[in-house]
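> below: sequence and its predicted model.
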Amino acid sequence: MQFPKKLQQKITQRVTQNSLRRLGKENLLIDFSSNDYLGFAKSEIIFNKTHQYLINNNFKINGATGSRLLSGNHKLYTTAEKQLAKLHNTEAALIFNSGYDANVGFFSSVPQRGDIILYDELIHASIRDGIQLSNTKSFKFKHNDIKDLEEKIIRFAQDNNSEVYIVTESVFSMDGDSPDLTAMSQIIQKHTNVHFVIDEAHALGVFDFGLVQKLHLEDVVFARIITFGKGLGCHGAAILGSKQLQQYLINFSRSFIYTTGLSPHALATIKIAHDELVISNSKEQLQHNIQHFISESNRLRLNFIKSNSAIHCCIISGNEHVKSIALQLQQHGFEVKPILSPTVPTNQERLRFCLHAYNSKEEITNVLENLATFV
Ligand SMILES: Cc1ncc(COP(=O)(O)O)c(C=O)c1O
(Lines give C-alpha, C1' and ligand atoms only; values in the text may rest on other atoms or scores of the structure.)
Protein backbone atom coordinates (compact mmCIF):
# COMPACT_ATOMS: atom_id res chain seq x y z
CA MET A 1 0.00 0.00 0.00
CA GLN A 2 1.41 3.40 -0.95
CA PHE A 3 1.87 6.03 1.76
CA PRO A 4 -0.12 9.16 0.73
CA LYS A 5 2.12 11.49 -1.35
CA LYS A 6 1.10 14.69 0.43
CA LEU A 7 2.06 13.22 3.79
CA GLN A 8 5.43 12.06 2.47
CA GLN A 9 6.04 15.58 1.10
CA LYS A 10 5.42 17.08 4.52
CA ILE A 11 7.87 14.69 6.16
CA THR A 12 10.46 15.41 3.46
CA GLN A 13 10.01 19.13 4.09
CA ARG A 14 10.73 18.60 7.80
CA VAL A 15 13.91 16.69 6.91
CA THR A 16 15.02 19.49 4.55
CA GLN A 17 14.36 22.10 7.24
CA ASN A 18 16.28 20.10 9.81
CA SER A 19 13.20 19.95 12.00
CA LEU A 20 12.09 16.32 11.80
CA ARG A 21 10.79 15.16 15.18
CA ARG A 22 11.96 11.81 16.55
CA LEU A 23 11.13 9.92 19.71
CA GLY A 24 14.07 9.90 22.12
CA LYS A 25 15.48 7.04 24.15
CA GLU A 26 15.95 6.79 27.90
CA ASN A 27 19.47 7.78 28.88
CA LEU A 28 21.70 8.32 31.89
CA LEU A 29 22.51 11.94 31.16
CA ILE A 30 22.11 14.63 33.82
CA ASP A 31 18.51 15.76 33.55
CA PHE A 32 18.03 19.37 32.41
CA SER A 33 15.10 18.45 30.24
CA SER A 34 12.23 16.71 32.01
CA ASN A 35 9.28 18.48 33.63
CA ASP A 36 9.79 16.51 36.84
CA TYR A 37 10.74 19.73 38.66
CA LEU A 38 10.45 18.36 42.20
CA GLY A 39 11.59 14.82 41.48
CA PHE A 40 8.13 13.48 42.33
CA ALA A 41 8.03 11.19 39.26
CA LYS A 42 11.01 9.30 40.70
CA SER A 43 9.84 9.48 44.32
CA GLU A 44 9.76 6.06 45.97
CA ILE A 45 7.89 7.63 48.90
CA ILE A 46 5.01 8.65 46.60
CA PHE A 47 5.11 5.29 44.81
CA ASN A 48 4.97 3.29 48.06
CA LYS A 49 2.36 5.48 49.75
CA THR A 50 0.15 5.27 46.66
CA HIS A 51 0.43 1.49 46.63
CA GLN A 52 -0.39 1.32 50.36
CA TYR A 53 -3.32 3.72 49.98
CA LEU A 54 -4.86 1.57 47.24
CA ILE A 55 -4.40 -1.60 49.28
CA ASN A 56 -5.69 -0.04 52.53
CA ASN A 57 -8.81 1.23 50.80
CA ASN A 58 -9.34 -1.95 48.83
CA PHE A 59 -9.09 -0.24 45.43
CA LYS A 60 -8.00 -3.40 43.67
CA ILE A 61 -9.08 -2.56 40.13
CA ASN A 62 -6.92 -1.57 37.19
CA GLY A 63 -9.15 0.67 35.12
CA ALA A 64 -12.04 3.10 35.37
CA THR A 65 -14.24 0.88 33.14
CA GLY A 66 -15.98 3.77 31.37
CA SER A 67 -16.56 7.48 31.02
CA ARG A 68 -17.15 9.29 34.31
CA LEU A 69 -20.75 9.86 33.21
CA LEU A 70 -21.26 6.11 32.86
CA SER A 71 -19.40 3.55 34.99
CA GLY A 72 -16.08 5.38 35.48
CA ASN A 73 -16.76 7.78 38.35
CA HIS A 74 -15.22 5.73 41.15
CA LYS A 75 -14.90 6.99 44.73
CA LEU A 76 -11.34 8.23 44.38
CA TYR A 77 -12.49 10.98 42.01
CA THR A 78 -14.56 12.55 44.79
CA THR A 79 -11.69 12.22 47.27
CA ALA A 80 -9.15 13.76 44.90
CA GLU A 81 -11.43 16.58 43.72
CA LYS A 82 -12.33 17.54 47.30
CA GLN A 83 -8.65 17.62 48.21
CA LEU A 84 -7.81 19.73 45.14
CA ALA A 85 -10.57 22.25 45.87
CA LYS A 86 -9.36 22.64 49.46
CA LEU A 87 -5.63 22.88 48.72
CA HIS A 88 -6.10 25.20 45.75
CA ASN A 89 -8.59 27.37 47.61
CA THR A 90 -11.40 27.13 45.10
CA GLU A 91 -15.07 26.16 45.18
CA ALA A 92 -14.75 23.17 42.84
CA ALA A 93 -12.22 21.09 40.91
CA LEU A 94 -12.92 18.86 37.94
CA ILE A 95 -10.30 16.30 36.95
CA PHE A 96 -9.51 15.71 33.26
CA ASN A 97 -7.35 12.96 31.79
CA SER A 98 -4.60 15.41 30.80
CA GLY A 99 -3.84 19.11 30.50
CA TYR A 100 -4.34 18.79 26.76
CA ASP A 101 -7.85 17.43 27.34
CA ALA A 102 -8.62 20.10 29.94
CA ASN A 103 -7.67 22.99 27.64
CA VAL A 104 -9.38 21.53 24.60
CA GLY A 105 -12.46 20.74 26.71
CA PHE A 106 -12.63 24.20 28.24
CA PHE A 107 -12.04 26.35 25.17
CA SER A 108 -14.17 24.28 22.83
CA SER A 109 -17.19 24.46 25.16
CA VAL A 110 -17.14 27.57 27.36
CA PRO A 111 -16.81 30.56 24.99
CA GLN A 112 -20.00 30.78 22.89
CA ARG A 113 -20.73 32.09 19.39
CA GLY A 114 -20.45 35.90 19.53
CA ASP A 115 -18.01 35.84 22.47
CA ILE A 116 -14.36 36.83 22.16
CA ILE A 117 -11.16 35.11 23.25
CA LEU A 118 -8.02 37.19 23.74
CA TYR A 119 -4.93 35.02 24.05
CA ASP A 120 -1.23 35.67 24.59
CA GLU A 121 0.59 35.11 21.30
CA LEU A 122 2.83 32.44 22.88
CA ILE A 123 0.03 30.40 24.37
CA HIS A 124 0.34 26.58 24.50
CA ALA A 125 -0.81 24.42 21.56
CA SER A 126 -3.53 22.75 23.67
CA ILE A 127 -5.22 26.13 24.20
CA ARG A 128 -4.89 27.00 20.51
CA ASP A 129 -6.47 23.68 19.57
CA GLY A 130 -9.35 24.31 21.98
CA ILE A 131 -9.89 27.77 20.53
CA GLN A 132 -9.94 26.33 17.00
CA LEU A 133 -12.73 23.98 18.00
CA SER A 134 -14.87 26.79 19.43
CA ASN A 135 -17.36 28.97 17.55
CA THR A 136 -15.71 32.06 18.93
CA LYS A 137 -13.70 34.88 17.39
CA SER A 138 -10.22 35.00 18.85
CA PHE A 139 -7.44 37.59 18.79
CA LYS A 140 -3.93 37.40 20.10
CA PHE A 141 -2.25 40.06 22.24
CA LYS A 142 1.49 40.66 22.38
CA HIS A 143 3.37 38.40 24.74
CA ASN A 144 2.98 39.59 28.37
CA ASP A 145 2.07 43.07 27.06
CA ILE A 146 -0.42 44.66 29.47
CA LYS A 147 -0.91 47.77 27.31
CA ASP A 148 -1.79 45.77 24.20
CA LEU A 149 -4.14 43.59 26.24
CA GLU A 150 -5.87 46.60 27.79
CA GLU A 151 -6.41 48.23 24.38
CA LYS A 152 -7.98 45.02 23.10
CA ILE A 153 -10.16 44.61 26.17
CA ILE A 154 -11.47 48.16 25.77
CA ARG A 155 -12.19 47.44 22.10
CA PHE A 156 -14.06 44.17 22.68
CA ALA A 157 -15.61 44.47 26.15
CA GLN A 158 -17.92 47.34 25.19
CA ASP A 159 -20.51 45.01 23.75
CA ASN A 160 -22.30 43.82 26.87
CA ASN A 161 -23.95 40.98 24.97
CA SER A 162 -20.68 39.17 24.49
CA GLU A 163 -18.36 37.67 27.07
CA VAL A 164 -14.63 38.18 26.68
CA TYR A 165 -12.24 35.43 27.83
CA ILE A 166 -8.60 36.38 28.48
CA VAL A 167 -6.18 33.48 28.55
CA THR A 168 -2.55 33.33 29.54
CA GLU A 169 -0.08 31.04 31.30
CA SER A 170 1.28 31.87 34.74
CA VAL A 171 4.61 30.35 33.65
CA PHE A 172 5.13 30.08 29.89
CA SER A 173 6.07 26.60 28.81
CA MET A 174 8.66 27.60 26.25
CA ASP A 175 10.29 30.67 27.84
CA GLY A 176 9.62 30.12 31.55
CA ASP A 177 8.65 33.77 32.00
CA SER A 178 5.48 35.06 33.70
CA PRO A 179 3.01 37.84 32.96
CA ASP A 180 2.11 40.47 35.56
CA LEU A 181 -1.01 38.64 36.70
CA THR A 182 -1.89 41.26 39.31
CA ALA A 183 -1.87 44.10 36.77
CA MET A 184 -3.90 41.99 34.34
CA SER A 185 -6.42 41.19 37.07
CA GLN A 186 -6.88 44.87 37.89
CA ILE A 187 -7.76 45.64 34.26
CA ILE A 188 -10.05 42.63 33.97
CA GLN A 189 -11.92 43.51 37.17
CA LYS A 190 -13.07 46.77 35.63
CA HIS A 191 -15.38 44.81 33.29
CA THR A 192 -18.14 42.44 34.40
CA ASN A 193 -18.17 40.58 31.07
CA VAL A 194 -14.41 39.86 31.01
CA HIS A 195 -13.23 36.50 32.43
CA PHE A 196 -9.68 35.53 33.30
CA VAL A 197 -8.41 32.01 32.50
CA ILE A 198 -4.92 30.98 33.59
CA ASP A 199 -2.99 27.84 32.70
CA GLU A 200 -0.77 26.97 35.67
CA ALA A 201 0.84 23.86 34.15
CA HIS A 202 4.42 24.95 34.85
CA ALA A 203 3.69 26.87 38.07
CA LEU A 204 2.16 24.10 40.17
CA GLY A 205 4.80 22.71 42.50
CA VAL A 206 7.38 25.26 41.38
CA PHE A 207 5.53 28.10 43.12
CA ASP A 208 3.73 25.97 45.73
CA PHE A 209 0.11 25.65 44.60
CA GLY A 210 0.62 28.00 41.66
CA LEU A 211 1.04 31.71 41.08
CA VAL A 212 -2.67 32.54 41.26
CA GLN A 213 -2.76 31.42 44.86
CA LYS A 214 0.61 32.97 45.67
CA LEU A 215 -0.68 36.33 44.42
CA HIS A 216 -4.10 35.86 46.14
CA LEU A 217 -5.98 36.09 42.86
CA GLU A 218 -8.24 33.07 43.35
CA ASP A 219 -11.40 35.19 43.44
CA VAL A 220 -10.52 37.21 40.35
CA VAL A 221 -9.82 34.22 38.13
CA PHE A 222 -12.72 32.50 36.36
CA ALA A 223 -10.84 29.26 35.70
CA ARG A 224 -7.42 27.81 36.43
CA ILE A 225 -6.00 24.85 34.54
CA ILE A 226 -3.55 22.80 36.62
CA THR A 227 -1.71 19.76 35.30
CA PHE A 228 -0.15 16.91 37.23
CA GLY A 229 2.36 15.64 34.66
CA LYS A 230 4.95 18.32 35.45
CA GLY A 231 5.74 19.48 39.02
CA LEU A 232 3.54 16.76 40.54
CA GLY A 233 5.35 14.05 38.56
CA CYS A 234 2.28 11.98 37.71
CA HIS A 235 -0.54 12.41 35.16
CA GLY A 236 -3.86 14.20 34.65
CA ALA A 237 -5.15 17.73 35.11
CA ALA A 238 -7.97 19.71 36.68
CA ILE A 239 -9.98 22.81 35.99
CA LEU A 240 -10.51 24.90 39.11
CA GLY A 241 -13.40 27.34 39.43
CA SER A 242 -16.97 27.68 40.64
CA LYS A 243 -19.47 24.84 41.14
CA GLN A 244 -21.46 26.28 38.22
CA LEU A 245 -18.43 26.01 35.96
CA GLN A 246 -17.87 22.44 37.11
CA GLN A 247 -21.49 21.57 36.34
CA TYR A 248 -21.26 23.23 32.92
CA LEU A 249 -18.11 21.32 31.98
CA ILE A 250 -19.59 17.99 33.09
CA ASN A 251 -22.46 18.66 30.71
CA PHE A 252 -20.76 20.24 27.72
CA SER A 253 -17.03 19.57 27.67
CA ARG A 254 -16.59 16.84 25.09
CA SER A 255 -13.05 15.84 26.08
CA PHE A 256 -14.44 15.22 29.57
CA ILE A 257 -17.55 13.33 28.47
CA TYR A 258 -16.41 11.11 25.63
CA THR A 259 -13.42 9.37 27.15
CA THR A 260 -12.65 6.67 29.70
CA GLY A 261 -11.91 8.02 33.19
CA LEU A 262 -8.51 7.76 34.88
CA SER A 263 -7.58 4.57 36.70
CA PRO A 264 -7.81 4.46 40.52
CA HIS A 265 -4.03 4.22 40.56
CA ALA A 266 -3.68 7.48 38.61
CA LEU A 267 -6.06 9.26 41.00
CA ALA A 268 -4.40 7.87 44.11
CA THR A 269 -1.06 9.14 42.79
CA ILE A 270 -2.55 12.61 42.24
CA LYS A 271 -3.82 12.59 45.84
CA ILE A 272 -0.59 11.33 47.39
CA ALA A 273 1.55 13.71 45.27
CA HIS A 274 -0.53 16.61 46.63
CA ASP A 275 -0.07 15.32 50.21
CA GLU A 276 3.65 15.24 49.50
CA LEU A 277 3.66 18.74 48.01
CA VAL A 278 2.36 20.10 51.32
CA ILE A 279 5.22 18.63 53.38
CA SER A 280 8.13 18.17 50.95
CA ASN A 281 11.24 20.32 51.20
CA SER A 282 11.94 19.74 47.48
CA LYS A 283 10.19 23.07 46.79
CA GLU A 284 12.88 24.96 48.74
CA GLN A 285 15.65 22.89 47.13
CA LEU A 286 14.28 23.77 43.68
CA GLN A 287 14.17 27.48 44.57
CA HIS A 288 17.83 27.36 45.68
CA ASN A 289 18.77 25.74 42.38
CA ILE A 290 16.84 28.33 40.37
CA GLN A 291 18.68 31.13 42.19
CA HIS A 292 22.03 29.39 41.63
CA PHE A 293 21.29 28.95 37.90
CA ILE A 294 20.40 32.65 37.54
CA SER A 295 23.50 33.87 39.36
CA GLU A 296 25.80 31.50 37.42
CA SER A 297 24.33 32.47 34.04
CA ASN A 298 24.85 36.14 34.96
CA ARG A 299 28.43 35.47 36.05
CA LEU A 300 29.13 33.75 32.71
CA ARG A 301 27.28 36.52 30.78
CA LEU A 302 25.03 34.03 29.04
CA ASN A 303 22.03 35.39 27.22
CA PHE A 304 18.96 33.87 28.90
CA ILE A 305 15.35 35.02 28.73
CA LYS A 306 14.47 36.50 32.14
CA SER A 307 12.72 33.87 34.27
CA ASN A 308 12.21 33.02 37.94
CA SER A 309 10.66 29.65 37.18
CA ALA A 310 12.21 26.22 36.61
CA ILE A 311 12.43 26.85 32.83
CA HIS A 312 15.31 28.89 31.42
CA CYS A 313 15.95 29.49 27.73
CA CYS A 314 19.01 30.62 25.86
CA ILE A 315 18.19 31.88 22.34
CA ILE A 316 20.48 30.37 19.68
CA SER A 317 19.28 31.18 16.16
CA GLY A 318 18.91 28.47 13.55
CA ASN A 319 17.80 24.86 13.85
CA GLU A 320 21.20 23.55 12.74
CA HIS A 321 23.13 25.73 15.20
CA VAL A 322 20.97 25.07 18.26
CA LYS A 323 20.89 21.34 17.51
CA SER A 324 24.68 21.16 17.29
CA ILE A 325 25.13 22.95 20.65
CA ALA A 326 22.57 20.67 22.30
CA LEU A 327 24.45 17.69 20.89
CA GLN A 328 27.75 18.96 22.29
CA LEU A 329 26.18 19.36 25.74
CA GLN A 330 24.73 15.86 25.47
CA GLN A 331 28.16 14.51 24.56
CA HIS A 332 29.45 16.13 27.75
CA GLY A 333 26.78 14.30 29.79
CA PHE A 334 23.96 16.86 30.02
CA GLU A 335 20.44 16.27 28.74
CA VAL A 336 19.45 19.68 27.33
CA LYS A 337 16.89 19.91 24.55
CA PRO A 338 16.93 22.23 21.56
CA ILE A 339 13.57 23.81 20.75
CA LEU A 340 13.34 24.14 17.01
CA SER A 341 11.25 26.18 14.61
CA PRO A 342 8.36 25.70 13.83
CA THR A 343 7.68 24.97 17.53
CA VAL A 344 9.11 28.48 18.14
CA PRO A 345 9.42 31.22 15.47
CA THR A 346 12.35 31.04 13.03
CA ASN A 347 15.49 32.70 14.49
CA GLN A 348 14.04 32.29 17.98
CA GLU A 349 15.28 28.71 18.29
CA ARG A 350 16.54 28.03 21.78
CA LEU A 351 18.13 25.70 24.28
CA ARG A 352 15.63 24.98 27.01
CA PHE A 353 16.91 24.13 30.48
CA CYS A 354 14.52 22.63 33.01
CA LEU A 355 15.78 22.79 36.57
CA HIS A 356 14.99 20.27 39.27
CA ALA A 357 15.20 19.91 43.02
CA TYR A 358 17.58 16.97 42.42
CA ASN A 359 20.11 18.82 40.26
CA SER A 360 23.26 19.60 42.25
CA LYS A 361 24.87 23.04 42.30
CA GLU A 362 27.97 21.52 40.64
CA GLU A 363 25.87 20.10 37.79
CA ILE A 364 24.33 23.52 37.20
CA THR A 365 27.68 25.31 37.20
CA ASN A 366 29.20 22.63 34.94
CA VAL A 367 26.47 22.71 32.31
CA LEU A 368 26.60 26.51 32.12
CA GLU A 369 30.40 26.62 31.95
CA ASN A 370 30.26 24.09 29.10
CA LEU A 371 27.62 26.15 27.32
CA ALA A 372 29.74 29.30 27.69
CA THR A 373 32.56 27.60 25.76
CA PHE A 374 30.24 26.58 22.87
CA VAL A 375 28.32 29.82 22.20
C1 LIG B 1 1.13 25.29 29.35
C2 LIG B 1 0.70 23.88 29.15
N3 LIG B 1 -0.61 23.59 29.24
C4 LIG B 1 -1.05 22.33 29.06
C5 LIG B 1 -0.19 21.31 28.76
C6 LIG B 1 -0.72 19.92 28.54
O7 LIG B 1 -0.63 19.19 29.71
P8 LIG B 1 -0.56 17.59 29.67
O9 LIG B 1 0.87 17.24 29.43
O10 LIG B 1 -1.07 17.18 31.01
O11 LIG B 1 -1.45 17.15 28.56
C12 LIG B 1 1.18 21.56 28.68
C13 LIG B 1 2.11 20.44 28.38
O14 LIG B 1 3.05 20.52 27.69
C15 LIG B 1 1.64 22.88 28.88
O16 LIG B 1 2.93 23.17 28.77
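Sure, I can see it.
> what about the helices in the protein?
Ranges of helices in the chain, per DSSP state H, are 5-16, 44-56, 75-87, 99-109, 125-133, 146-157, 181-188, 211-214, 243-252, 254-257, 264-279, 282-299, 319-331, 361-374.
> how about residues contacting the second one?
Contacts of helix 44-56 with the rest of the structure, by CB atoms under 8 Å, 6 or more residues apart in numbering, involve 40, 59-60, 233-234, 264-265, 268-269, 271-273, 275-276. C-betas here are computed from N, CA, C, even on glycine.
> for the third one, same thing?
Contacts of helix 75-87 with the rest of the structure, by CB under 8 Å, 6+ apart, involve 59, 68, 90-95, 209, 226, 238, 240, 261-262, 264, 267-268, 270-271, 274, 277-278.
> still on that earlier bit, only whichever of the contacts of helix 44-56 are buried, select them in PyMOL.
Buried members of the contacts of helix 44-56, identified by 16 or more other CB atoms under 10 Å, are gathered into one PyMOL selection as follows:
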select buried, resi 40+59+233+234+264+265+268+269+271+272+273+276
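> got the contact list for the residue nearest to Leu329 when sequence neighbours are not counted?
Sequence neighbours aside, Val336 is the residue nearest to Leu329 in space, at 4.7 Å (criterion: CB to CB, 6 or more residues apart in numbering). By CB under 8 Å, 6+ apart, the residues touching Val336 are Phe32, Ser33, Ala326, Leu329, Gln330, Leu351, Arg352, Phe353, Val367.
> and the fourth one, how far is that from the ligand?
Distance, Leu329 to the ligand, using CB to the nearest ligand atom, to the nearest Å: 22 Å.
> quick check, that residue in contact with Phe374.
Yes: at 7.4 Å, Leu329 and Phe374 qualify as touching, with contact defined as CB atoms under 8 Å.
> who's more crowded, these two?
Relative neighbour count places Leu329 above the other of Leu329 and Phe374, with 22 against 14, counting by other CB atoms under 10 Å.
> check contacts around the residue in the stretch 251-375 of the chain that the ligand sits nearest to.
Sorted by distance to the ligand under CB to the nearest ligand atom, the residues of the stretch 251-375 of the chain start with Ile311, at 9.5 Å. If a contact means CB under 8 Å, 6+ apart, then Ile311 has Val171, Phe172, Ser173, Met174, Asp175, Gly176, His202, Arg352, Phe353, Cys354, Leu355 as its contacts.
> ok, 10 Å please
By CB atoms under 10 Å, 6 or more residues apart in numbering, Ile311 lies in contact with 35, 37, 171-177, 202, 206, 230, 290, 305, 352-355.
> which ones among the residues you listed come in contact with the ligand?
With CB under 6 Å from any ligand atom as the criterion, the contacts of Ile311 include Ser173, His202 near the ligand.
> give me the buried subset of the contacts of Ile311.
With neighbours counted using 16+ other CB under 10 Å, the contacts of Ile311 contain these buried positions: 35, 37, 171-177, 202, 206, 230, 290, 305, 352-355.
> among those residues, name the ones in strands.
Residues from these lying in strands, with DSSP state E as the criterion: Arg352, Phe353, Cys354.
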